[in-house]
Each structure stands twice: as C-alpha cells, then as structure tokens.
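Novice: how does the following fold in three dimensions:
(chains A and B)
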Amino acid sequence: GAVVSQHPSRVICKSGTSVKIECRSLDFQATTMFWYRQFPKQSLMLMATSNEGSKATYEQGVEKDKFLINHASLTLSTLTVTSAHPEDSSFYICSARDATAGEQYFGPGTRLTVT
Amino acid sequence: DAKTTQPNSMESNEEEPVHLPCNHSTISGTDYIHWYRQLPSQGPEYVIHGLTSNVNNRMASLAIAEDRKSSTLILHRATLRDAAVYYCILRDVTSGYSTLTFGKGTMLLVSP
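Specialist: All right, here's what the predicted structure looks like:
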C-alpha cells in the first residue's frame, strides 16, 4: 500500500527556535499534501493544504508566517514551525493525496515538544 | 461538509464482534462514507469506504443503510490491536476529492 513517511518522529526544541518536519510520499506522487495538528485527547485539525509548486492554503486561525510550508516536489513537503513556543507542542501529522487514485494517506506523525 | 455523529466510546471483549455506528442524516448523493482509525500515537489509517452497497475487506465490513443516513463499521473479531479511535467521514469525490475532515470519532476499548 501507499506509504507516507515523516521525519523526525519526535523532536524537542527550546522556545524561540525553529523546527522543520519533513513529509514524503514513498511510492506515489502527491500533487496535494495536508498538514494536521492534534492536541492531546482531541481530534485532528487541518492546518493547511499545499499543492506542489504553489503557495499553501491555510485554515482560519493558522498563522502562515509561523507555520511555513514548502511543497517543492511531488513527493516532499516540509512544515517549519518558526519561533516555537510551548503552546506549539503538539502531534503534527502530514497526509498526501495520490495524484492518480485520489486517496489520502497519512504519515505516522511527529511529536513536537517545545520547552 | 456533511457532518457525522458517532458515540464517544465503546467497549468490547477480545474475539467478539464490534459494531461501530455512524449517523450522517445530511449526506448528499455524491458523498462516500469513509472510515479511518487512529491507534495511539500514530497517524490515521484507512479502514474501508463505500457509497451505497455493503463493503467487505480484510480489515472490516461496512454496512450502509438503505437511505444512506447511517452506517455501521463491523469488526468481526476484535483484537487488542483494534483498540483505537475510529472516525467516520463523509467525502465528496466529485470535483477532485474533498479533504478529509475529522470529527471526534469513537474510542474503542478492547478488553482481554
């Protein structure tokens, strides 16, 4: 089946620093990738949608200057959390939509802890 | 997006069948019914989807009501590894596939 990987799986950073999370579709091309955030005991909340080669579309309430998304190729999207604060600590999950089949597959998630 | 309603939690014993209900009374004719599950500290995993007819795969069965206003995900023999949050999601597959939007889902607890 289609596989989506994320790196790193968990990261701890200090307040004020930036963290980059990578999302790759390993065996299919993804023209569209999604970034979700999940706080403890809550559901996944869509943060942004990115299309390869164009700017990401952010959901209401998500700061585009804080959460930088780059989708430079059909198999790679990155999320950079800039000037991270403790309230950014969360489980970040990426998802990729297969360009041909249309199905949406999810990565294993990245646990971010900001101290 | 059409909304779904699921119980917050359900309990089952190992090796027993589990029926997870989902109500979607405002479903439109082009909405597919998708089920995903999320194991602890993992990303969501596709389980099954259907439009009108009942569907079976190696993971589960999906029973869809005749009026499509409700559906039931059936795990034939629950195992401890099936303990997860199960999400029922409607997805319009016309005009380029809508984005998956997650509700609160049902937390399934499986006891040995």
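Novice: when you work out contacts or count neighbours from here on, use the C-alpha atoms and nothing else.
Specialist: Noted.
Novice: show me the contacts for residue 52.
Specialist: Picking chain A for this. A:30-32, A:71-74 (CA atoms under 8 Å, 6 or more residues apart in numbering or on different chains).
Novice: the intended chain is chain B.
Specialist: Contacts of B:Thr52 by CA under 8 Å, 6+ apart are B:64-66, B:68.
Novice: for the nearest residue to B:Ala84 once chain neighbours are set aside, give me the pLDDT.
Specialist: Leaving out its chain neighbours, the residue that sits closest to B:Ala84 by CA to CA, 6 or more residues apart in numbering or on different chains is B:Leu39, at 4.5 Å. If you check B:Leu39, the pLDDT there is 96.
Novice: likewise for B:Thr101?
Specialist: Model confidence at B:Thr101 (pLDDT) stands at 87.
Novice: with B:Gly96 instead?
Specialist: B:Gly96 is given a pLDDT of 59.
Novice: same thing with A:Ile21?
Specialist: For A:Ile21, pLDDT reads 98.
Novice: buried among the contacts of B:Thr52? Need that as a selection in PyMOL.
Specialist: Listed next is the PyMOL selection for buried residues among the contacts of B:Thr52, using 16 or more other CA atoms under 10 Å in any protein chain shown:
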select buried, chain B and resi 64+68
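Novice: about what we covered before: relative to B:Glu66, how far out is the residue nearest to B:Ala84?
Specialist: 30 Å (CA to CA, to the nearest Å).
Novice: one more: A:Pro8?
Specialist: 45 Å.
Novice: contacting residues around the most centrally placed residue in chain B?
Specialist: When CA atoms, centre = their mean is applied to chain B, the residue found nearest the centroid is B:Trp35 (3.3 Å). Taking CA under 8 Å, 6+ apart, we find B:Trp35 in contact with B:46-49, B:73, B:86-89.
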